[in-house]
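*Asks:* Show me how the following folds:
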Amino acid sequence: MLSDAQKCDYAENGYLLVEDAVSADQLAELRRLTYDYIEGSRNVRESNALYDLDRGHSAETPRLTRVKVPHKQNPYFWDVLRNSKMTQVLNDLLGPDTMILTSKLNTKAPGGGRAVEWHQDWAFYPHTNDDLLAFGLMLEDVTEDNGPLMVIPGSHRGPVLSHKMNDVFAGAVDPDDPDFHRDRAVTLTGKAGSMTVHHVRTLHGSAPNLSDRNRLILFYELASADAWPLLGSNSYFHRLSQAELWQDVQSRLVTGTPCLTPRLEQVPVRLPLPPASDVSSIFRTQESAGAKSAFT
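*Replies:* Predicted coordinates:
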């Protein structure tokens with residue numbers, strides 16, 4: 001799926017834009033399911049296990065920030081990941097044995113859908129090695145004005161910046177950090193069906209959606225099977241029995257076979273502690289910890 005030049009670009013810059021990552025039929029079905037979720041949110045008054053609601057959400061004007069873990073809500077999201085060009089890209093970059101960490105359907109509403117402050121995914125869930133990445137499949141066209149993903153090229157090869165504010169893990173970097181080079185940011189726009197890829201240590205964020213159109217991006221966070229979590233989003237592993245843990249590992253397998261010999265690399269790690277008062281989503285983490293905005 002990927003050329004040698006694309007692989008070199010990813011290794012050097014920490015991100016890619018891949019066109020036509022799914023078929024036209026797959027894109028149409030994913031879009032249909034997404035709008036069904038948005039329609040279903042009209043009857044929801046507060047965030048729950050399925051929806052993260054944005055400010056101003058109502059039955060008349062549904063405004064969501066996210067549909068949570070869609071691959072567990074509907075098997076079609078899981079099937080597309082395992083049977084599309086995305087699968088080939090995954091194997092090209094991480095090898096034959098891969099796992100899913102989580103998925104999320106980010107649905108920035110028109111007219112101010114919430115920003116995601118600059119951060120490195122690695123800060124949330126450090127592993128034994130950093131062969132991890134995120135896919136961002138565009139379900140509608142993404143343009144400059146509707147809150148596209150922005151990345152800082154090469155930041156995956158630099159330091160892990162502090163994500164703390166007010167002495168707690170805020171899930172965002174300080175815009176005044178001298179190692180945060182906002183002026184180097186690249187904006188990733190594209191047609192529906194295109195996919196962004198960014199390395200787990202790549203600095204990224206997205207501005208509010210100021211357009212009159214939804215910005216719909218389906219994110220998958222993925223890892224090489226030999227990368228095992230240290231702490232963070234997967235810390236619940238430590239509360240599972242051995243039988244439950246093995247079942248969970250098998251359920252997360254995207255391609256290949258599980259790996260029970262974690263690969264240990266010399267990677268920089270900052271544990272995401274102490275936690276903010278509300279860690280139910282990245283939006284709540286950043287907000288409750290008082291993260292500074294780089295988009296004001």
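*Asks:* Could you work out the end-to-end span of stretch 126-143 for me?
*Replies:* One end of stretch 126-143 sits 31 Å from the other (CA to CA, to the nearest Å).
*Asks:* ok, now stretch 196-211?
*Replies:* End-to-end distance for stretch 196-211: 20 Å, by CA to CA.
*Asks:* ok, residue 140 - contacts?
*Replies:* By CB atoms under 8 Å, 6 or more residues apart in numbering, the contact set of residue 140 is 31, 192, 213, 214, 215, 216. To be clear about C-beta, it is placed using only N, CA and C from the backbone, and glycine gets the same treatment.
*Asks:* quick one: the third one from residue 26, how far?
*Replies:* When distances are taken as CB to CB, to the nearest Å, residue 213 and residue 26 turn out to be 21 Å apart.
*Asks:* Mind checking which of those two has more residues around it?
*Replies:* Comparing residue 213 with residue 26 by other CB atoms under 10 Å, the one with more neighbours is residue 26, at 19 against 16.
*Asks:* Format the contacts of residue 140 as CSV; extra columns: distance to residue 248 and secondary structure.
*Replies:* Converted to CSV, the contacts of residue 140 look like this (distance: CB to CB, whole Å; DSSP: H, G, I helix; E, B strand; the rest coil):
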residue, distance to residue 248, secondary structure
31, 30, helix
192, 33, coil
213, 38, coil
214, 33, coil
215, 32, strand
216, 29, strand
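*Asks:* and residue 287, that's in a strand?
*Replies:* No: applying DSSP: H, G, I helix; E, B strand; the rest coil, one finds residue 287 to be helix, outside a strand.
*Asks:* per-residue confidence at the residue nearest to it when sequence neighbours are not counted?
*Replies:* Closest residue to residue 287 apart from its sequence neighbours, by CB to CB, 6 or more residues apart in numbering: residue 278 at 7.4 Å. Predicted confidence (pLDDT) for residue 278: 90.
*Asks:* thinking again about what came up before, and which of the contacts of residue 140 is nearest to residue 198?
*Replies:* The closest of the contacts of residue 140 to residue 198 turns out to be residue 215 (CB to CB; 16.7 Å).
*Asks:* Residue 32 belongs to a helix?
*Replies:* Yes: with three-state DSSP as the criterion, residue 32 is part of a helix.
*Asks:* Describe which strands the helix or strand hosting residue 205 pairs with in its sheet and in which direction.
*Replies:* Counting by DSSP states H and E, the element that carries residue 205 is strand 204-206. Here strand 204-206 has these sheet partners by DSSP bridges: strand 116-119 (antiparallel), strand 149-151 (antiparallel).
*Asks:* could the ones you listed go into a markdown table alongside distance to residue 35?
*Replies:* Converted to a markdown table, those look like this (distance: least, CB to CB, whole Å):
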| stretch | distance to residue 35 |
| --- | --- |
| strand 116-119 | 22 |
| strand 149-151 | 21 |
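*Asks:* so who does the nearest residue in space to residue 113 that is not next to it in sequence touch?
*Replies:* Leaving aside its sequence neighbours, residue 113 sits nearest to residue 209 (CB to CB, 6+ apart; 3.6 Å). Residues counted as contacts of residue 209 (CB under 8 Å, 6+ apart) are 108, 109, 110, 111, 112, 113, 145, 146, 147, 215.
*Asks:* residue boundaries of the helices in the stretch 1-150 of the chain?
*Replies:* 4-13, 24-40, 70-73, 75-82, 85-94 (DSSP state H, counting those that start in this stretch).
*Asks:* can I assume residue 276 is in contact with residue 164?
*Replies:* No: Residue 276 lies out of contact with residue 164 (CB atoms under 8 Å); the separation is 9.6 Å.
*Asks:* Now for the two: what residues contact both?
*Replies:* Common neighbours of residue 276 and residue 164, counting by CB under 8 Å, 6+ apart, are 170, 289.
*Asks:* can you list the weak-confidence ranges in this structure?
*Replies:* Applying pLDDT under 70 to the chain flags residues 232-238.
*Asks:* Good, we can wrap up now.
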